[in-house]
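Chemist: got a sequence here, can you model it:
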Amino acid sequence: MMIVPSGVKIHLALGYTDLRKGFDGLAMLVQEMLRQDPFSGQLFVFRGRKADMLKILYWDGSGLCLFSKRLEQGEFWWPAMKTPGQTVVITRTQLGMLLEGINWRMPERRWRPLRAG
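Modeler: Predicted coordinates for the structure are as follows:
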């Protein structure tokens, strides 16, 4: 689980994102598509087309941090896109559930591996 400083806003970028993008590409998306400051200290969460992978971009004060996660089974629950370039703000608890593959709007564990390999 990721530790998020208190008071930090967590933005889910609606729709899907080409997750081949790295630090600079995602920072440009934050700036141009979301109309936000990628160096504000807020978290920006992006989901891939297949919904099994996400990336989080965060400025910690000295550099950009990029966290990624791929689910081995299931999908990350994501709100439906109403307007391109919009975000939904979620809480730290909701982010924790999202990272676990739980629908943060109706929490319920979906799947747990029985064994490795």
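
Chemist: if you count neighbours, what's buried in the top helix by length along the chain?
Modeler: Secondary structure of the chain per DSSP state H: the longest helix is helix 23-32. Judged by neighbour count using 16 or more other C-beta atoms under 10 Å, the buried positions of helix 23-32 are L26, A27, L29, V30. Every residue, glycine included, has its C-beta placed from N, CA and C.

Chemist: quick one: the third one from E72, how far?
Modeler: Taking C-beta to C-beta, to the nearest Å as the measure, L29 and E72 are separated by 26 Å.

Chemist: same check on the first one?
Modeler: L26 is 23 Å from E72, where distance means C-beta to C-beta.

Chemist: returning to that earlier point: now the longest helix of the chain - C-alpha only, CSV.
Modeler: Extracted in CSV, the C-alpha atoms of helix 23-32 (Å, rounded to 0.1, in the frame of the first residue of the first chain):
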residue,chain,number,x,y,z
PHE,A,23,7.2,10.9,-16.1
ASP,A,24,7.3,13.7,-18.8
GLY,A,25,4.4,12.3,-20.9
LEU,A,26,2.1,12.0,-17.9
ALA,A,27,3.1,15.4,-16.5
MET,A,28,2.2,16.9,-19.9
LEU,A,29,-1.2,15.2,-19.7
VAL,A,30,-1.8,16.6,-16.3
GLN,A,31,-0.9,20.1,-17.5
GLU,A,32,-2.6,20.1,-20.9
